[in-house]
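# with the sequence up front, the predicted model follows.
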Amino acid sequence: MLLVAMTACGEGSTPVGVGPGAAGPTGVYVSQSGHELVEGTRVRVEFTDDGRLLASAGCNTMSGPVETGGGKVVVRDLSVTEMGCDPARHAQDEWLAGLLTASPAWRMDGERLVLTANDTELVMARETVPPLLGTTWVVDTLVEGEVASSVPTRATLTFSADRVAVDTGCNTGGATYRMTGNAIVFEPPVLTRMACAPEVMAVEDAIVAVMDGKAEVSTDGQTMTLSNGAKGIRMTAG
């Protein structure tokens, strides 16, 4: 993916995590409150051990060197991937990039991280990693090459030991599967055969295409992506 450089407006060159008060935030945080987000999305911010910030808001990934001294989160040269998304998610990416490049103030409220800038107070909790089995994974994004689109219905996958239950938002059913390395090999899913609106059937077609044989698995905290060739579905733990 191409990267677009965005320059922060922070001042000074305080070393990472050093400054008046407490040490800077570490680890991964996900949004709880403070800004109305596109349905099915969340803000995720990670402070890495090597002094970088990684962030996302449901579409593209942002990254850059970060300094947290003096009670500010200062991101230098923020880069943003260029995946195509629907207008609402693009606008949300722009909002998050604007927040991060405004050198927001940070404070810890117990285990919660609070970022404040641009008349916004974003409250974030430490991320927990859900198990694959027994978790209801809600499909929130369809991926076709470098283009991502939102899902107009609630579609879910729920994995048990050797079977996955599927609800496409129209039809229901399931398939057997097996794990192999960082991939899942699906047997052909068996679903009911009800007809639904074209945009809902497009979601079902995408899920079935990803479950056609071997799908690569990538996880990012509470998000899991299944990819089969150019097609993919991104899911969040429900």
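Great, that's in hand. Numbering: from 1, shown residues only.

# show me where this structure dips below the pLDDT cut-off.
Within the chain, the segments meeting pLDDT under 70 span 1-22.

# for it, longest strand please?
The residue-count maximum for a strand in the chain (DSSP state E) belongs to strand 147-159.

# ok, and for that strand, which residues are buried?
A148, S149, S150, V151, T153, A155, T156, L157, T158, F159 (16 or more other Cβ atoms under 10 Å). All C-beta atoms are positioned from the backbone trio N, CA, C, and that covers glycine.

# tell me the domain boundaries of this protein?
The chain breaks down by automatic domain parsing into domains covering 3-126, 136-237.

# export the buried residues of strand 147-159 to a markdown table and tack on distance to T81?
Output for those, formatted as a markdown table (distance: Cβ to Cβ, whole Å):
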| residue | distance to T81 |
| --- | --- |
| A148 | 10 |
| S149 | 16 |
| S150 | 17 |
| V151 | 20 |
| T153 | 26 |
| A155 | 24 |
| T156 | 27 |
| L157 | 25 |
| T158 | 30 |
| F159 | 28 |
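
# how about the next helix-or-strand element following the longest strand of the chain, which residues are buried there?
Sequence-wise, the next helix or strand downstream of strand 147-159 (DSSP states H and E) is strand 163-167. Within strand 163-167, the residues scored as buried using 16+ other Cβ under 10 Å are V164, V166, D167.

# and for stretch 82-98?
For stretch 82-98, the neighbour count (16+ other Cβ under 10 Å) marks M83, C85, D86, R89, Q92, D93, W95, L96, A97 as buried.

# check contacts around the closest residue to E146 other than its chain neighbours.
Distances taken as Cβ to Cβ, 6 or more residues apart in numbering place M83 nearest to E146, at 5.7 Å, with adjacent residues excluded. Counting by Cβ atoms under 8 Å, 6 or more residues apart in numbering, M83 makes contact with M1, C59, N60, E146, V147, A148.

# against N60, how distant is M83?
5 Å (Cβ to Cβ, to the nearest Å).

# same deal with Y177?
Distance of Y177 to N60, given as Cβ to Cβ: 30 Å.

# ok, the two, which is more surrounded?
Set Y177 next to N60 and count neighbours by other Cβ atoms under 10 Å: N60 wins out with 23 against 19.

# my guess is the more buried one contacts D93, does it?
Yes. If you go by Cβ atoms under 8 Å, N60 and D93 touch, sitting 5.2 Å apart.

# identify the contacts common to the two.
In contact with both N60 and D93: V80, C85, using Cβ under 8 Å, 6+ apart.

# contacting residues for the closest residue to E187 other than its chain neighbours?
Spatial nearest neighbour of E187, chain neighbours left out: T176 (4.6 Å); criterion: Cβ to Cβ, 6+ apart. T176 sits next to D162, R163, V164, F186, E187 when contact means Cβ under 8 Å, 6+ apart.

# was I right about the last one contacting G174?
No. No contact is recorded between E187 and G174 when judged using Cβ under 8 Å, the distance being 9.7 Å.

# these two: who's more crowded?
G174 (18 against 15).

# which SS class is the more buried one?
Three-state assignment for G174 (DSSP: H, G, I helix; E, B strand; the rest coil): strand.

# any idea how far it lies from S103?
Taking Cβ to Cβ as the measure, G174 falls 49 Å from S103.

# and if you look at T141?
30 Å.
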